[in-house]
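Trainee: Sequence first, then the predicted structure:
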Amino acid sequence: MRKGCSKLFCEDEHQFERWNHAVLTNLKAEFKRFKDVVVLSLMHPWERDARLLKKSLKKGHEQYNVIVEITCTRSSDQLLGARKAYHSLFDRSIEEDLASHIKGSERKLLVALVSAYRYEGPKVKEDNVRSEAKAFFNAIKNSDKRKVVEDDEVVRILTTRSKLHLKEVYEQYNKLSDKTIIEELEVDLLLKETVECLCTPQTYFTRVFGVALSGDANEDEKKALTRLVATQEGGEMKGVVAKFERRIEEKVKGAYKDVLVGVLAKDGK
Amino acid sequence: MATLTVPSAVPSVSEDCEQLKKAFSGWGTNEKLIIDILGHRNAEQRNLIRKTYAETYGEDLLKALDKELTSDFERLVLLWTLDPAERDALLANESTKRWTSSNQVLMEIACTRSANQLLHARQAYHARYKKSLEEDVAHHTTGDFRKLLLPLVSAYRYEGDEVNMTLAKTEAKLLHEKISSKAYSDDDVIKVLGTRSKAQINATLNHYKNEYGNDIIEDLEADPKDEFLALVRSTVKCLVYPEKYFEEILRQAINKRGTDEGALTRIISTRAEFDLKIIADEYQRRNSVPLTRAIVKDTHGDYEKMLLVLAGDDEA
């Protein structure tokens, strides 16, 4: 087998075919990505999400966006399932672990996001939509005095209301201001991602895909792609994937690409 | 342990429905029949009766009861007939409304139910009110009360017996610090009460007593007028020794001039199929008189009869 793979080797002064280190690193990364997407796709979604949450918590602040992604893009029952799985796997509740390890204003947001059991029906109260869009407006207006993520009303609204309700609040806000909520939250990154995932998940997926498939994506950014592909089911992802099909063709290689394309095709995405 | 008694030979569901229909027909109502049937059926049986009654007579049993019964007796029968999840959802919803608002009832439901019972209540809340319990609690409470109640109703606590003793020590120390500086609504206090498992909290409070000499409850009595502090005290009791909490509420309800039927009805109907026996034992221990005797002294008529049946008094 070695004879045909001269590319993988380089000259060594001791005259044996030594691994080209750069190529070896790449190969390992390719196989790991392949393994990751397979494992993620096969594991029960509840266990998968529980393990992802645990891992993100361990990794710390730069991975808190994964907590946001999971708690905001799962259905109420899927999130509940993850909480049950977490009990079984780690003998603790997810909320106690989050509350113990995260400090500051983000603690309130993340603990409340993981504890939500949102209503999923069609009923929305218009009065509340209006007053809550106003609450966002006021919080954003005062953001120079106090960070938006520290506004109790904003956190209450985002962590308890149904997704349908939140989408309407997002729309209503656009009537009050010429910028969207997401545009206003450039500084509050975690909060911005929370709003994206809850109100405009397509924007979130598009952004993650785009970054992961660009030339200079780092490991975490590429991992995000794997995670999304393996954990999101149809629905919100459909349109997004179509946009990126060509880039996946171009940029992704080997076994990993086959699995990606396969997983995407299977769910009719 | 439950006080509810179900006969070993239970009539068929259709028989029960027929009898109930008979109880409603004609002039007046046969309350005894209603008590005899509904007072001796468990949640599953009652659900089946409701379903069958609706299919057979085209009417919701609860509506029929509402039409026929009145006052405290009606409230007790209606609450009792619902299954535990719906009952909790109804009580919780009432607690968020202006004229019937009650932080105490919200806390009571959130803390004395098991993790899954609370979950079922949240599910029933979606179905019945087309919104989530936490959004109503968040919307209708403010300040420190919201800060405490929201995590309590949203919790899905770990229910194992595993306890981390090192953590218990750390958190006992933390609680002691915060309580000493009267920071009752501090993030860390809320964190312990709102997220830890009941076993873990119990271990923490035991350590607190060992280390600092006082029961944490004693240290939480600094200001009798502080309503938030009272809620924190009750929260601790509900999480760690609920039967003591319930005994206290019952004692206050019965001793009050004229009786607090609301509390009496709520406790009897919500605990009869769970731990009313343990609560009744605690009541006797604390008051030197059986709970059933206290109920007889303090209430009358069909209301009294139904309470006694639910409390396991077979003579009634």
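Mentor: Yep, it's here.
Trainee: okay, CA-based contacts and neighbour counts for the rest of this
Mentor: Will do.
Trainee: Give the closest residue to A:K147 in space, chain neighbours not counted.
Mentor: In this structure, A:K147 finds its nearest non-sequential neighbour in A:D188, 7.7 Å apart by CA to CA, 6 or more residues apart in numbering or on different chains.
Trainee: Compute the number of surrounding residues for that neighbour.
Mentor: A:D188 is flanked by 14 other residues according to other CA atoms under 10 Å in any protein chain shown.
Trainee: Next up, the contacts around it.
Mentor: A:K147, A:V148, A:V149 (CA atoms under 8 Å, 6 or more residues apart in numbering or on different chains).
Trainee: Among those residues, which one is most surrounded by other residues?
Mentor: A:V148 (24 neighbours).
Trainee: Can you name the residues of the stretch 51-200 of chain B sitting close to chain A?
Mentor: Applying CA under 8 Å from any CA of the partner chain, we find that the stretch 51-200 of chain B lies next to chain A at B:122, B:126, B:130-132, B:134-135, B:138-139, B:151, B:154-158, B:160, B:162, B:191, B:195-197.
Trainee: Those in helices, which ones?
Mentor: Among these, the subset assigned to helices under DSSP state H consists of B:R122, B:H126, B:E134, B:E135, B:A138, B:H139, B:P151, B:S154, B:K191, B:T195.
Trainee: In a markdown table: those, plus distance to B:S101 and neighbour count.
Mentor: Shown next, in a markdown table, are those (distance: CA to CA, whole Å; neighbours: other CA atoms under 10 Å in any protein chain shown):
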| residue | distance to B:S101 | neighbour count |
| --- | --- | --- |
| B:R122 | 18 | 26 |
| B:H126 | 19 | 19 |
| B:E134 | 15 | 27 |
| B:E135 | 15 | 21 |
| B:A138 | 13 | 23 |
| B:H139 | 12 | 18 |
| B:P151 | 18 | 24 |
| B:S154 | 19 | 26 |
| B:K191 | 25 | 22 |
| B:T195 | 24 | 28 |
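Trainee: Taking those, tell me the two that lie furthest apart.
Mentor: Spatially, the most separated pair among those is B:H126 and B:K191, at 26.0 Å (CA to CA).
Trainee: I'd say B:A115 and B:E159 touch.
Mentor: Yes. B:A115 lies in contact with B:E159 (CA atoms under 8 Å); the separation is 7.3 Å.
Trainee: What does the pLDDT read for A:G234?
Mentor: Looking at A:G234, its pLDDT stands at 61.
Trainee: my bad, should have said B:F73
Mentor: 95.
Trainee: Equivalent analysis for A:R33, please.
Mentor: The predicted local confidence for A:R33 is 78.
Trainee: Also A:K266?
Mentor: For A:K266, pLDDT reads 61.
Trainee: List the contacts of B:L90.
Mentor: With contact set as CA under 8 Å, 6+ apart, B:L90 has these partners: B:Y125.
Trainee: Could you report the neighbour count for residue 198?
Mentor: Picked chain A for this. A:L198 has 24 neighbours, counted by other CA under 10 Å.
Trainee: was after chain B, sorry
Mentor: 23.
Trainee: Surely it and B:C238 touch.
Mentor: No. Assessed by CA under 8 Å, B:K198 is found out of contact with B:C238, at 9.8 Å.
Trainee: Could I get the full set of strands for chain A?
Mentor: Along chain A, the stretches classed as strands by DSSP state E are A:9-10, A:18-19.
Trainee: nearest spatial neighbour of A:K222, skipping sequence neighbours?
Mentor: Going by CA to CA, 6+ apart, A:K222 has A:A212 as its nearest residue, at 4.7 Å.
Trainee: mind showing which ranges of the chain have poor pLDDT?
Mentor: Assuming you mean chain A. A:1-9, A:11, A:15, A:17, A:233-236, A:238, A:253-256, A:259-260, A:262-269 (pLDDT under 70).
Trainee: you looked at the wrong chain, it should be chain B
Mentor: B:314-316.
Trainee: residues contacting the residue nearest the centre of it?
Mentor: Compute the mean C-alpha point of chain B, and by CA atoms, centre = their mean the closest residue is B:T270, 4.8 Å away. Listed by CA under 8 Å, 6+ apart, the contact partners of B:T270 are B:W80, B:P84, B:R87.
Trainee: which one is residue 76 nearest to, not counting chain neighbours?
Mentor: Since you didn't name a chain, this refers to chain A. Counting by CA to CA, 6+ apart, the residue nearest A:S76 is A:Y117, at 5.3 Å.
Trainee: actually it's chain B I care about, not the one you picked
Mentor: Using CA to CA, 6+ apart, the closest residue to B:L76 is B:T265 (5.6 Å).
Trainee: give the contact list for A:D77.
Mentor: A:Y117.
Trainee: how long is stretch B:124-144 from one end to the other?
Mentor: End-to-end distance of stretch B:124-144 (CA to CA, to the nearest Å): 27 Å.
Trainee: How far away from the center of its chain is that stretch?
Mentor: Distance of stretch B:124-144 from its chain centroid, counting by CA atoms, centre = their mean, to the nearest Å, is 18 Å.
Trainee: Give the buried residues for it.
Mentor: Using 16 or more other CA atoms under 10 Å in any protein chain shown as the burial criterion, the residues of stretch B:124-144 that qualify are B:124-127, B:131-139, B:141.
Trainee: same thing with stretch A:58-75?
Mentor: Neighbour-count burial for stretch A:58-75 [16+ other CA under 10 Å]: A:Y64, A:N65, A:V66, A:I67, A:V68, A:E69, A:I70, A:T71, A:C72, A:T73, A:R74, A:S75.
Trainee: Nearest to A:L158 among those residues?
Mentor: Taking CA to CA as the measure, A:C72 is the one of the buried residues of stretch A:58-75 closest to A:L158, at 9.8 Å.
Trainee: what's the distance between the closest one and chain B?
Mentor: Distance, A:C72 to chain B, using CA to the nearest CA, to the nearest Å: 16 Å.
Trainee: show me the contacts for that residue.
Mentor: A:C72 neighbours (CA under 8 Å, 6+ apart): A:L113, A:T194, A:C197, A:L198.
Trainee: what's the nearest residue to the second one if we skip its chain neighbours?
Mentor: Right, the one you point to is A:T194. Nearest non-adjacent residue to A:T194, counting by CA to CA, 6+ apart: A:V68, 5.9 Å away.
Trainee: possible to save the strands of chain A as CSV with distance to chain B?
Mentor: Shown next, in CSV, are the strands of chain A (distance: least, CA to the nearest CA, whole Å):
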stretch, distance to chain B
strand A:9-10, 53
strand A:18-19, 48
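Trainee: follow-up on the earlier one: thought the residue nearest to A:K222 was touching A:R227?
Mentor: No. Contact between A:A212 and A:R227 fails when scored by CA under 8 Å: they sit 11.2 Å apart.
Trainee: more crowded one of these two?
Mentor: A direct count of neighbours by other CA under 10 Å for A:A212 and A:R227 places A:A212 higher, at 20 against 17.
Trainee: Chain B versus the more buried one, what's the distance?
Mentor: Taking CA to the nearest CA, one finds A:A212 at 35 Å from chain B.
Trainee: near chain B, which residues of chain A?
Mentor: Counting by CA under 8 Å from any CA, chain A sits next to chain B at A:83, A:87, A:91-93, A:95-96, A:99-100, A:112, A:115-119, A:121, A:123, A:156-157, A:160-162.
Trainee: Sort out which of those residues are buried, if you could.
Mentor: Judged by 16+ other CA under 10 Å, buried ones among the residues of chain A next to chain B: A:83, A:87, A:91-93, A:95-96, A:99, A:112, A:115-119, A:156-157, A:160-162.
Trainee: So which of the buried residues of stretch A:58-75 are in helices?
Mentor: A:Y64, A:N65, A:V66, A:I67, A:V68, A:E69, A:I70, A:T71, A:C72, A:T73.
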